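1. Next come a sequence and a model predicted from it.
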Amino acid sequence: MVLIGIETARCNCEHRGGVQIRPSQDWVTIDGRLLLVEGDLDHRPIVLCRGGAEVVGVTRCRSIATVDDDLSHSHLVAIDGRGVVLSTASGTTDWSSVAIARWTLGNPGQLWVAIEEE
């Protein structure tokens, strides 16, 4: 079972930078907090990444570059045709020009609503 992500979820790059999350739907909630759906994590900005040495050309993570669809979105539960975000959400950031960094949804924002994906 995996948990469903809501607007208070915490998402970070591997250097502990924080992803600024903004839900796009405004009518389905858990405990008064909006559920995240497919597209809500795409290209979101990252703040306070510590993974670069910009003075020598290694840039910090500034945004989410890719979202791994199979890990990040439910294929069973959707809102307006967009799968809800799962606690297993992950992908890559735009870190540096020589490497990629991973991001993950470390905390889904709630601990009681889960989905059994098959």
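-> Done, it's in.
2. Pro45 reaches Ser63, doesn't it?
-> Yes: at 5.2 Å, Pro45 and Ser63 qualify as touching, with contact defined as C-beta atoms under 8 Å. For every residue, glycine as well, the C-beta is placed using N, CA and C.
3. Could you find the closest non-adjacent residue to Leu36?
-> Counting by C-beta to C-beta, 6 or more residues apart in numbering, Val85 is the residue found nearest to Leu36 once chain neighbours are left out, at 3.8 Å.
4. What's the separation between that neighbour and Arg44?
-> Per C-beta to C-beta, to the nearest Å, Val85 is found 11 Å from Arg44.
5. More neighbours: which of the two?
-> Using other C-beta atoms under 10 Å, the more surrounded residue of Val85 and Arg44 is Val85, with 30 against 15.
6. all helices for the protein, in order.
-> Shown for the chain, the helices assigned by DSSP state H span residues 69-72.
7. pLDDT below threshold where in it?
-> Per-residue confidence of the chain (counting by pLDDT under 70) places the weak regions at 55, 97-99, 118.
8. all strands for it, in order.
-> Per DSSP state E, the chain carries strands over the ranges 2-3, 10-13, 18-19, 29-30, 33-34, 46-47, 64-67, 73-79, 82-85, 90-93, 102-107, 114-115.
9. Of those strands, give the one that comes closest to Gly57.
-> Minimum separation from Gly57 across the strands of the chain (C-beta to C-beta) falls at strand 90-93, 16.7 Å.
10. hmm, who's touching the closest one?
-> Applying C-beta atoms under 8 Å, 6 or more residues apart in numbering, the contact partners of strand 90-93 are 13, 17, 41, 46, 49, 61-68, 71-72, 100-105.
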